[in-house]
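# Here's a sequence, model it:
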Amino acid sequence: MKQSIFTIKENTPLTTTVYRMVLTGDTADITGPGQFVNILLDGLYLRRPISVCDCQGDALTLVYKVVGKGTRQMSEMTVGQTLDVLTGLGNGYDMSVAGDTPLLLGGGVGVPPLYMLARLLRAQGKAVSVVLGFNTKDEVFYEDEFKALGCAVTVATADGSYGVKGFVTHALPENYSYFYTCGPEPMLKAVYKATATSGQFSFEERMGCGFGACMGCSCKVITGYKRICKDGPVLRKEEILWDA
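Sure thing, here's the model as predicted:
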């Protein structure tokens, strides 16, 4: 974990509520896809955890949804302003078990952490399939960005206004070697039941400290409890215990 000052280079809306922020700074502690950062914002006691969408060189890309005071404040920031950021948080995805035809499943703001994963898997020559789930057409983002990587992309919308009608589980391909997913818990539970292979789940949890001290984001697994911020946010399918 490292505390650094980053400078905003871009902060643009992708939809009415989703923004892409590009920061420049010391990214040395961001070692792989699926990690997150924790951002200090003026007047707010707790830092805001945001998943890493991409990281190349000194450029850090975050895609976030405006849901409260913190993210609203972020959306109003301008190019040239600076942010105090904790980097190197979370375990991230393990790409060594992907196989040749990995499947990536993202729902809403669970989509961004899959982008860096897809880029790196494509760089390894993997045939990557991506299923993106949203409520409606107006909420769709990053479809073209995944296609530009050379991924086979399918979009599902709950209301059927774009792509496949339904959820990501209604758009699963027939064959895939392994899967990676991120999204709201109801989606993750559905993916758990619908998938035929092993896989990795990135959990979205409310976090206090972001580095395992407060125990506020603990979840039950087969070996006891794990802290989503410290031991996660990525957990393997075989270790997850869902509440009834």
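
# export the host helix or strand of Asp144 as CSV, just CAs?
According to DSSP states H and E, Asp144 maps onto helix 143-148. Extracted in CSV, the C-alpha atoms of helix 143-148 (Å, rounded to 0.1, in the frame of the first residue of the first chain):
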residue,chain,number,x,y,z
GLU,A,143,-18.9,-1.9,-24.9
ASP,A,144,-16.7,-0.3,-27.7
GLU,A,145,-13.6,-0.3,-25.4
PHE,A,146,-13.8,-4.0,-24.9
LYS,A,147,-14.4,-4.6,-28.6
ALA,A,148,-11.3,-2.5,-29.4
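
# Walk me through which strands the following helix or strand past that helix pairs with, and which way each runs.
Downstream of helix 143-148, the next assigned helix or strand under DSSP H and E is strand 152-157. Neighbouring strands of strand 152-157 in its sheet, by DSSP bridges, are strand 129-134 (parallel), strand 164-165 (parallel).

# so can I have a markdown table of those strands showing mean pLDDT, mean neighbour count and distance to Gly99?
(Each C-beta comes from the backbone N, C-alpha and C, glycine too.) Listed next are those as a markdown table, based on pLDDT from 0 to 100; neighbours: other CB atoms under 10 Å; distance: least, CB to CB, whole Å:
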| stretch | mean pLDDT | mean neighbour count | distance to Gly99 |
| --- | --- | --- | --- |
| strand 129-134 | 98 | 26 | 12 |
| strand 164-165 | 98 | 14 | 24 |
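
# Redo these as JSON lines? Include distance to Thr101.
Listed next are the strands paired with strand 152-157 as JSON lines, based on distance: least, CB to CB, whole Å:
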{"stretch": "strand 129-134", "distance to Thr101": "7"}
{"stretch": "strand 164-165", "distance to Thr101": "19"}
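
# Ok, which of those strands comes nearest Arg47?
Arg47 lies closest, by CB to CB, to one member of those: strand 129-134, at 27.3 Å.

# which strands and helices sit next to the longest strand that the chain contains?
Scanning the chain for the longest strand, with DSSP state E as the assignment, gives strand 2-13. Contact analysis of strand 2-13 by 3 or more CB pairs under 8 Å, 6 or more residues apart in numbering; DSSP states H and E lists strand 18-24, helix 69-75, strand 82-89 as its packing neighbours.

# Val109: which of these is closest?
Here strand 18-24 is closest among the helices and strands packed on strand 2-13 (CB to CB), at 7.1 Å.

# Can you name the next helix or strand after that closest one?
Stepping forward along the backbone from strand 18-24, the first helix or strand reached (DSSP H and E) is strand 36-40.
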